[in-house]
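**Q** Structure for the following, please:
(chains A and B)
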Amino acid sequence: MSDLPGGAMANRPVHFIWLLDTSYSMSGEKIGQLNYAIREAIPEMRSVADDNPAAQLLLRTITFSTTARWHHKDPVKVHDFTWQDVTPDGTTNLGEALALVAGELRTPPMPERALKPVIALVSDGAPTDDWRAGLRAIEATPWGRKAVRVAIAIGADADRGVLQEFLANPELRPLDANSPKQLAAAIRWASTAAVKAASQPVAGGNGAGDGPTKPAAPYAPPVLATDDDDVW
Amino acid sequence: MSALATWDILETSVIGYGKGLNQDSVRTGGTGAATDPVVLAVADGHGSASYPRSDIGARFAAELFAAKGREFGALVRTGRLPWLRDYARYELPEQLVRDWQARVWAHWGRQPGPEGADAPREEVLRLYGSTLVGAVLAPGLFVAWQLGDGDLTVVDPDGRVRLPLAPERAELGDETASLCLPEAWHLVRVHWEPLPEPARAPRLVALSTDGLSKSFASDAGFTEFTSGLYARLASRGLPGIEDDVPRWLEAASRHSGDDTTLALALRAEDGGAGRDGGVAGADPREAWARAPEPARPWGPGAETEAEADPTSDLSDPPSSLSNPGPNLSDPLSERSDPTGGTRNDDEETERP
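**A** Now for the predicted structure:
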């Protein structure tokens, strides 16, 4: 194999960024269930990564409340990733969090040679800052326009209109998580289906390399069974 | 004058690591002699659950290009280059896309999926989505077309590697233009390169699906691959690497995760002596004068020409050869002046 011509070979990264609402309204059971669901989803993400050896799955986490901050700032390979619980503490500054993500979707720091990044937004309320400014910042980056986006709405108070605008694709819908079981299923789906979607080719390029594209939905949220025992 | 080039060709395709079906397709043929142009085509079906028939779409794409490319190569005459250039830029891309879409639609009609024979045409085309890279090498002319991802690499006599059809900015992620898109001919990139001086003609022309280039950690690594490939070809000859190429492509597929296909034409050192009934060292363009005048790819007789092609799938609808050709008053009366050395003329096909 040493006779192989050419430079070094390598698989391509999939940057997966959790965007988690940690406002006061998440206090109690919701935040506990969120921590539990993500921790339980990690092995499944590893399994997806194993099934896609051409993709190197890298994880990061941003939390947003009165401020947005990195919970895991440096991209960590999924097999090295350990979940650290998040805690609630303030309002819902989603716009700040989106702007933080946008900064990471520029090239650099994002390499041009990569698979589509995944942005997974989880929220139970309505933003308290200029969230559209943050969304515009993401749309202003080439990788932001190409990113696979998923949104999970926790409980009845989640602003689904905001989440729908975040998805930026009329064919997609936020995934409702109105109970602990639904939240666990939604996190599991977002952790795996979105990664698969990011590593599959899509017919939809416009030849210019930077235009917003609206390919046929590469992934579809599952229909989650209702859970009458414990509804948020 | 030195002899014009003839070519040795090689094609190899390997299935993506861990995949159950190779959704690439490749077709090659010809020697580059006047009556036998080299035609190379690679097509990359998009794969995944969203494009379940893309292996068929890729096969249709490669087959159609092989037929169209041979037609095109047979038309090459020195005095025809101006209108052939217009034909290459505008007519052929549209014919390829329309014919591919018609063939896909006909296939669906014969073998409809669960969506039924009356499923929306746009949705049906998507199921077969594929890219296409094709090239024709005829005496005095090298032309290539590309729709979607994949790579055309060329090695010049001085060993320089170039990628004439590389987009200014590559698509991010795994998004690609495709034959399944509406009016996809607008997205076809065309490389037009007259070769008036055989000594300056490319030594190696290679087409590959993106499974190869995406396996390298950098663009430079892929360029080094082509340089290394040419160096090995120069030292061992084409038979000397035939057994190695599948192994190299398998290594690539382990990193890209994709089916990986390579088609190449290596300029033969002997200038094609004895091929095509020619004389060693003779200028194959002399055969132009002896060869019967080929039919143009439009107008009366065009469909007969297409049906005679042994690669045509007669069960599929005829190609849109009745489309009018370039709007030129008398193409045969036009003259080109291919004396200025190798000339590159790459551009997107943008209709006026």
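
**Q** All the helices of chain A, residue numbers only.
**A** In chain A, the segments counted as helices under DSSP state H are A:29-51, A:94-104, A:131-139, A:142-146, A:160-167, A:180-198.

**Q** I'd like the distance from the helix or strand bottoming out on mean pLDDT in chain A to the chain centre, please.
**A** Sorting the helices and strands of chain A by mean pLDDT, DSSP states H and E puts strand A:202-203 at the bottom, at a mean of 84. Its chain's average C-alpha position is 21 Å from that of strand A:202-203, according to C-alpha atoms, centre = their mean, to the nearest Å.

**Q** That one pairs with which strands, parallel or anti?
**A** strand B:175-176 (parallel) (DSSP bridges).

**Q** Just the mean pLDDT for the helix or strand following the strand it pairs with, thanks.
**A** Downstream of strand B:175-176, the next assigned helix or strand under DSSP states H and E is strand B:189-194. Model confidence over strand B:189-194, given as mean pLDDT, is 97.

**Q** Stretch B:50-60 too?
**A** In this model, stretch B:50-60 has a mean pLDDT of 96.

**Q** Of all the helices of chain A, which one comes closest to chain B?
**A** Nearest to chain B among the helices of chain A is helix A:142-146; the distance by C-beta to the nearest C-beta comes to 4.9 Å. Where C-beta positions appear, they are placed from N, C-alpha and C, glycine not excepted.

**Q** so can I have JSON lines of the helices of chain A showing mean neighbour count, distance to B:Ser235 and mean pLDDT?
**A** Formatted as JSON lines, the helices of chain A follow (neighbours: other C-beta atoms under 10 Å in any protein chain shown; distance: least, C-beta to C-beta, whole Å; pLDDT from 0 to 100):
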{"stretch": "helix A:29-51", "mean neighbour count": "18", "distance to B:Ser235": "40", "mean pLDDT": "94"}
{"stretch": "helix A:94-104", "mean neighbour count": "22", "distance to B:Ser235": "46", "mean pLDDT": "97"}
{"stretch": "helix A:131-139", "mean neighbour count": "18", "distance to B:Ser235": "51", "mean pLDDT": "98"}
{"stretch": "helix A:142-146", "mean neighbour count": "22", "distance to B:Ser235": "42", "mean pLDDT": "94"}
{"stretch": "helix A:160-167", "mean neighbour count": "17", "distance to B:Ser235": "55", "mean pLDDT": "96"}
{"stretch": "helix A:180-198", "mean neighbour count": "23", "distance to B:Ser235": "41", "mean pLDDT": "90"}
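
**Q** Make TSV from those helices and add distance to chain B to it.
**A** Formatted as TSV, those follow (distance: least, C-beta to the nearest C-beta, whole Å):
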stretch	distance to chain B
helix A:29-51	8
helix A:94-104	15
helix A:131-139	14
helix A:142-146	5
helix A:160-167	17
helix A:180-198	7
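
**Q** neighbours around residue 177, how many?
**A** Because you didn't say which chain, this covers chain A. 28 (other C-beta atoms under 10 Å in any protein chain shown).

**Q** wait, chain B
**A** For B:Ala177, the count of nearby residues is 26 (other C-beta under 10 Å).

**Q** next one: B:Glu168
**A** Residue neighbour count, defined by other C-beta under 10 Å, stands at 8 for B:Glu168.

**Q** Against chain A, how distant is it?
**A** Relative to chain A, B:Glu168 is positioned 8 Å away (C-beta to the nearest C-beta, to the nearest Å).

**Q** Where do the strands of the stretch 101-250 of chain B begin and end?
**A** With strands called from DSSP state E, counting those that start in this stretch, the stretch 101-250 of chain B shows them at B:132-138, B:141-147, B:151-155, B:161-162, B:175-176, B:189-194, B:204-208.

**Q** Minimum distance to A:Pro201: which of the ones you listed has it?
**A** Ranking those by proximity to A:Pro201 (C-beta to C-beta) places strand B:175-176 first, at 6.1 Å.

**Q** Could you give the average pLDDT over that closest one?
**A** Per-residue scores along strand B:175-176 average to 90.

**Q** Just grab the bridge partners of the spatially most central residue of chain B for me.
**A** By C-alpha atoms, centre = their mean, chain B has its centre lying nearest to B:Gly134, at 1.0 Å. According to DSSP bridges, the residues that bridge with B:Gly134 are B:Ala41, B:Trp145.

**Q** ok, back up a step: highest average neighbour count across the strands of the stretch 101-250 of chain B?
**A** strand B:132-138 (a mean of 30; mean count of other C-beta atoms under 10 Å in any protein chain shown).

**Q** any idea how far the residue nearest to A:Arg132 when sequence neighbours are not counted is from A:Asp129?
**A** Spatial nearest neighbour of A:Arg132, chain neighbours left out: A:Gly95 (7.1 Å); criterion: C-beta to C-beta, 6 or more residues apart in numbering or on different chains. Distance, A:Gly95 to A:Asp129, by C-beta to C-beta, to the nearest Å: 4 Å.

**Q** Perfect, that will be all.
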